[in-house]
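Engineer: no FASTA, just this:
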């Protein structure tokens, strides 16, 4: 009886947890697509800033390829913040 209850609890936990992993993967994909769109329309800026953003994009894409969704989301979010900051700076 205890084995059946334990097995049932394990199955329920696995079913409940599975959508969470899919959500991270979807968020990674969405963030990467948004980053690709924004990188393609970067304003004229210093070469170092552009290369740094592209490095973060490559790191996020590598993390996605390695199925490390958390790192992908983190890297893409940081790059997006950098791009947004760059786009909001006043042009001299």
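Structural biologist: Ah, there it is. If you're wondering where the values come from, they're calculated on a predicted model, not measured in any experiment.
Engineer: How about the contacts made by residue 79?
Structural biologist: 35, 39, 53, 56, 57, 60 (C-beta atoms under 8 Å, 6 or more residues apart in numbering). Bear in mind the C-beta positions are built from the backbone N, C-alpha and C, glycine included.
Engineer: ah, wrong one, I meant residue 50
Structural biologist: residue 42 are the contacts of residue 50 under C-beta under 8 Å, 6+ apart.
Engineer: which of the residues in the helix or strand encompassing it are buried?
Structural biologist: Using DSSP states H and E, residue 50 sits within helix 47-65. Neighbour counts over helix 47-65 (16 or more other C-beta atoms under 10 Å) mark 50, 53, 56, 57, 59, 60, 61, 63, 64 as buried.
Engineer: for those, which one is nearest residue 85?
Structural biologist: Within the buried residues of helix 47-65, distances to residue 85 taken as C-beta to C-beta reach their minimum at residue 53, with 10.3 Å.
Engineer: For this protein, which segments count as helices?
Structural biologist: 2-39, 47-65, 69-88 (DSSP state H).
Engineer: Can you say which of those helices is packed in most?
Structural biologist: helix 69-88 (a mean of 17; mean count of other C-beta atoms under 10 Å).
Engineer: Local confidence estimate at residue 61?
Structural biologist: At residue 61, the model reports a pLDDT of 94.
Engineer: ugh, wrong one, residue 58
Structural biologist: Taking residue 58 on its own, its pLDDT is 95.
Engineer: related to what we said a few turns ago, which stretch in the helices of the chain is the model least sure about?
Structural biologist: Among the helices of the chain, helix 2-39 carries the lowest mean pLDDT, at a mean of 67.
Engineer: Of the contacts of residue 79, which is the nearest to residue 28?
Structural biologist: Residue 28 has its nearest neighbour among the contacts of residue 79 in residue 60, at 7.6 Å by C-beta to C-beta.
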